[in-house]
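Chemist: Structure of the sequence below:
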Amino acid sequence: MMDKGLYREVLLDHFRNPRNKGSLEEGMQRERGSNPRCGDDIEVGVVQVESRIEQIRFHGRGCSVCIASASMMTEACEGAPSDSAISLCNHVESWVGSREGGTVPHPGVEALDGARAHAARHTCILLSWRALCRLLTADAA
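Modeler: You can find the predicted model right below:
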């Protein structure tokens, strides 16, 4: 497990240098997530090829935790089979809501551990994950 100082550094790096953030291209499947309480507003876009996430991006605005989480999500899910990404989204959701440690769902999201200790940050963490899960489950239906 990472120490708290490293958590903070990794989280801030994802906020300052978000991976896969930018304009969503035409033809991408899209889903938006917003939290009017704090102003977070994220749109996730994917290109799937043969039930695999070939490309994933996000754009929008949000707090440092929201942007960092979206960045980590894109890194964790790019190239993954869609059903594995749905499973990961669900695991992240239960991990964030767990009062006890729980198993980190993916090494790339471990730095969110410090933020998940604060219930007020759960929506910030989960906004992009929930949008991706809605997008992929709607596509599977």
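Chemist: Which other helices and strands does the worst-scoring helix or strand of the chain on mean pLDDT contact?
Modeler: Within the chain, confidence by mean pLDDT, DSSP states H and E is lowest for helix 4-16 among all helices and strands, at a mean of 85. Here helix 4-16 touches helix 64-77, helix 113-116, going by 3 or more C-beta pairs under 8 Å, 6 or more residues apart in numbering; DSSP states H and E. For every residue, glycine as well, the C-beta is placed using N, CA and C.
Chemist: Identify the single longest helix in this protein, thanks.
Modeler: For the chain, the helix with the greatest residue count under DSSP state H is helix 122-140.
Chemist: chain center to it: distance?
Modeler: Distance of helix 122-140 from the chain centroid (C-alpha atoms, centre = their mean, to the nearest Å) equals 8 Å.
Chemist: Kindly export it (C-alpha atoms) in PDB.
Modeler: Extracted as PDB, the C-alpha positions of helix 122-140 are listed here (Å, rounded to 0.1, in the frame of the first residue of the first chain):
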ATOM      1  CA  HIS A 122     -17.400   9.800  -2.900                       C
ATOM      2  CA  THR A 123     -19.400  11.500  -5.600                       C
ATOM      3  CA  CYS A 124     -16.300  13.300  -6.800                       C
ATOM      4  CA  ILE A 125     -14.500  10.000  -7.200                       C
ATOM      5  CA  LEU A 126     -17.300   8.100  -8.700                       C
ATOM      6  CA  LEU A 127     -18.800  10.600 -11.200                       C
ATOM      7  CA  SER A 128     -16.800   9.500 -14.200                       C
ATOM      8  CA  TRP A 129     -16.900   5.800 -13.200                       C
ATOM      9  CA  ARG A 130     -20.700   5.900 -13.000                       C
ATOM     10  CA  ALA A 131     -21.000   7.600 -16.400                       C
ATOM     11  CA  LEU A 132     -18.800   5.000 -18.000                       C
ATOM     12  CA  CYS A 133     -20.800   2.200 -16.400                       C
ATOM     13  CA  ARG A 134     -24.100   3.700 -17.700                       C
ATOM     14  CA  LEU A 135     -22.600   4.100 -21.200                       C
ATOM     15  CA  LEU A 136     -21.300   0.500 -21.300                       C
ATOM     16  CA  THR A 137     -24.400  -1.200 -19.800                       C
ATOM     17  CA  ALA A 138     -26.700   0.800 -22.100                       C
ATOM     18  CA  ASP A 139     -24.600  -0.400 -25.000                       C
ATOM     19  CA  ALA A 140     -24.800  -4.000 -23.900                       C
END
